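> Sequence and computational prediction follow.
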Amino acid sequence: MHELARDIPKVDRKARMKLPFKGRQLRPVNERINDFDEVIIPFDEKRAVEEATRCLHCPDPPPCQKACPAHNDISFAIWLIEKGRFLDAAQVYRQSSSMPDICSRVCPHEHFCEGACVRSKRGEPVLTGALESFVADYERKNADFALIPGASTGRKVAVIGAGPAGLACAERLIGYGHWVTIFDARPAPGGLLTYGIPNFKLSKELVFHFWNKLNQAGAEFVGNTIIGRTKTIDDLFTEGFEAIFVGVGAGVDLPMGAPGEDLPGVYKATEYLIRGNVDIELLPPEISDRPHPGKKVAVIGGGDTASDCLRTALRLGAEEVVCLYRRTEREMPGNSYDRQLAWQEGAKFQFLTQPIRFIPDQNGHLDQIECIRMELGEPDEKGRRRPVAIPKSNFFVEADTAILALGYRPDPIIGATTPGLRTHKWGLVITDIETGSTSRMGVFVGGDIATGPATVVTAMLAGRKAAQTIDAYLY
């Protein structure tokens with residue numbers, strides 16, 4: 001990439017504050033709930049320039065850049081968009097991000113760049129995520145980026161996990177000239193990007209486009225391979241790999257611990273989303289068909305996964321879809337924008353509600369969920385008020401399908417089968433977050449398996465940092 005002269009002229013901020021906010025354009029509800037295509041209509045060139053012109057170009061470093069985990073030079077990229085220099089803007093994003101077209105779609109912008117935009121104090125922020133998506137898409141369609149391998153070092157590196165951390169690590173390692181093989185438990189690469197995030201938020205075409213770039217540059221993919229079961233990390237070292245990056249994420253659904261949660265009709269969120277969203281030919285052998293659509297669906301949980309499940313159930317044809325959450329909307333950890341879209345599409349929300357038992361019908365299939373009313377007590381260690389059960393407030397919710405979206409933890413199998421690799425609670429690997437180094441020589445870790453469930457962008461950055469450490473280690 002060539003260096004761009006970063007020269008942003010002063011702008012009339014008072015005049016720009018008066019420019020209207022036009023918002024995101026969405027496909028009509030009655031159209032989008034009948035398919036799994038992306039909901040947000042991308043900017044065209046005219047709309048992108050209009051939105052870019054709303055940027056105030058705050059003094060360096062601007063708040064949006066500071067709030068971005070990747071520290072994208074957002075102000076500079078937006079100024080380039082305003083001038084119609086879309087490919088140059090794409091280059092700016094690509095300097096700090098391995099997958100701008102993906103992160104721009106799935107990042108919780110309200111908590112990062114858009115949430116920090118100073119315009120938010122007196123109106124609506126600049127739609128930084130939509131602008132990043134626009135230039136990344138423009139680049140892909142008009143002058144696709146190339147992943148150029150570095151001069152071959154002959155060093156072999158194994159990457160375990162083909163999600164955002166693993167793919168980003170592989171991208172950097174290939175750039176350094178190392179030979180990379182990616183192992184994953186699923187049949188296809190992408191990890192969470194393919195087998196977790198629904199198509200209406202992130203088209204699988206973008207994931208496979210990035211993978212194809214890696215593959216063309218020399219990366220090899222080995223699917224249906226669970227490291228720790230199919231083979232171990234020690235086996236990989238024996239096979240000649242000189243360093244190993246582990247980025248398997250946190251993909252084990254947390255159980256609820258309630259009677260009846262193993263009934264037919266009760267799904268873990270991961271299984272439900274995979275079976276509901278992924279192309280049949282890419283499904284793992286153990287879950288190779290669509291879930292029963294259900295007429296009355298209850299989703300239990302309040303995070304982004306819960307919103308994804310609500311919206312997936314609606315697209316699969318459910319007649320009634322309700323979210324059961326034990327606190328109020330204010331305490332919900334998920335993205336409010338996704339929640340609003342779920343509400344627009346027909347989902348209902350029942351707050352201060354705690355399911356306690358799943359009840360079968362005469363055929364043994366889920367029929368009802370017994371719940372109890374809650375009230376908020378004192379704050380917990382995270383600052384959220386604790387839900388407290390109200391005695392004798394039990395009631396029943398009719399449901400033939402329930403989806404448990406309660407959170408995730410890592411699979412402990414890698415820690416259990418790798419001598420010298422230190423872990424702590426929930427199977428998280430003890431890691432130097434800045435470098436990806438672990439207690440086991442030659443083993444590096446990044447993403448959710450080190451931090452617990454976080455975001456795609458933080459996993460991607462962890463993979464990039466670890467690749468730099470691995471390159472130094474190999475020399």
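Received it, and whenever you're ready, just let me know what you need.
> what helix or strand is I274 on?
For I274, the element it lies in under DSSP states H and E is helix 269-277.
> quick one: the strands in the stretch 201-350 of the chain?
Taking DSSP state E, counting those that start in this stretch as the test, the strands found in the stretch 201-350 of the chain are 220-222, 243-246, 252-253, 266-268, 296-300, 320-324, 348-350.
> give me the number of residues near V118?
By other CB atoms under 10 Å, 15 other residues sit near V118. (C-beta placed from N, C-alpha, C; glycine too.)
> Ok, I280 next?
I280 has 9 neighbouring residues, counting by other CB under 10 Å.
> Kindly report the same for H109.
Residues lying near H109 (other CB under 10 Å) number 25.
> returning to that earlier point: out of the strands of the stretch 201-350 of the chain, flag the one nearest A399.
A399 lies closest, by CB to CB, to one member of the strands of the stretch 201-350 of the chain: strand 296-300, at 4.2 Å.
> Show me the contact partners of that closest one.
Residues external to strand 296-300 that are found in contact with it (CB atoms under 8 Å, 6 or more residues apart in numbering): 256, 306, 309-310, 313, 318-325, 347, 355, 369, 397-406.
> repeat that for 7 Å
Contact with strand 296-300 is made by 306, 309-310, 313, 318-324, 355, 369, 397-406, as judged by CB atoms under 7 Å, 6 or more residues apart in numbering.
> try stretch 93-103
1, 70-72, 77, 132-133, 135-137, 140, 145, 164, 168, 171, 193, 202, 206-207, 210, 456-457, 460, 464.
> Can I have the buried ones of those residues as a ChimeraX selection?
Of those, the buried ones can be selected in ChimeraX as follows, counting by 16 or more other CB atoms under 10 Å:
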select :70,72,77,132,133,135,136,137,140,145,164,168,171,193,202,206,207,210,456,457,460,464
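> Which of the contacts of stretch 93-103 fall in helices?
Counting by DSSP state H, the contacts of stretch 93-103 place 77, 132-133, 135-137, 140, 164, 168, 171, 193, 206-207, 210, 456-457, 460, 464 in helices.
> Quick one: distance of the lengthiest strand in the chain to the chain centre.
Looking across the chain with DSSP state E, the single longest strand is strand 366-379. Relative to the centre of its chain, strand 366-379 is centred 28 Å away, using CA atoms, centre = their mean, to the nearest Å.
> could you point out which element follows it?
Next along the chain after strand 366-379, taking DSSP H and E as the criterion, comes strand 385-389.
> what angle do that next one and strand 366-379 make?
Strand 385-389 and strand 366-379 are oriented at 130 degrees to each other (axes from the mean of the first three to the mean of the last three CA atoms, to 10 degrees).
> show me the contacts for R385.
Shown in contact with R385 (CB under 7 Å, 6+ apart): 331, 376-379.
> which one of these is nearest D262?
Among those, and counting by CB to CB, the member closest to D262 is E331, at 28.3 Å.
> What's the per-residue pLDDT of K18 here?
K18 carries a pLDDT value of 95.
> The one 3 residues further on now?
At F21 the predicted local confidence, pLDDT, stands at 96.
> related to what we said a few turns ago, what residues sit buried inside the longest strand of the chain?
Using 16+ other CB under 10 Å as the test for burial, strand 366-379 gives 366-374, 376.
> what sits up against it?
Contacts for strand 366-379 (CB under 7 Å, 6+ apart): 263-266, 298, 324, 326-328, 352-361, 385-390, 393-402.
> any idea of the angle that strand forms with strand 320-324?
Put simply, strand 366-379 runs at 30 degrees to strand 320-324, going by the same axes, to 10 degrees.
> Between strand 296-300 and strand 366-379, find me the angle.
If you take the same axes, to 10 degrees, strand 366-379 sits at 30 degrees to strand 296-300.
> Give the pairing partners of strand 366-379; include direction for each.
Strand 366-379 has its sheet partners listed here by DSSP bridges as strand 353-360 (antiparallel), strand 385-389 (antiparallel), strand 395-398 (antiparallel).
> Mind checking the pLDDT average for that strand?
For strand 366-379, mean pLDDT is 96.
> go on, stretch 199-216?
For stretch 199-216, mean pLDDT rounds to 97.
> List the buried residues for it?
Along stretch 199-216, these residues count as buried under the neighbour rule (16+ other CB under 10 Å): 199-204, 206-208, 210-211, 213-215.
> List of residues touching that stretch?
The contact list for stretch 199-216 (CB under 7 Å, 6+ apart) reads 32, 36-39, 99, 101-102, 105-106, 140, 147, 167, 170-171, 174, 189-190, 193-194, 221, 277, 311.
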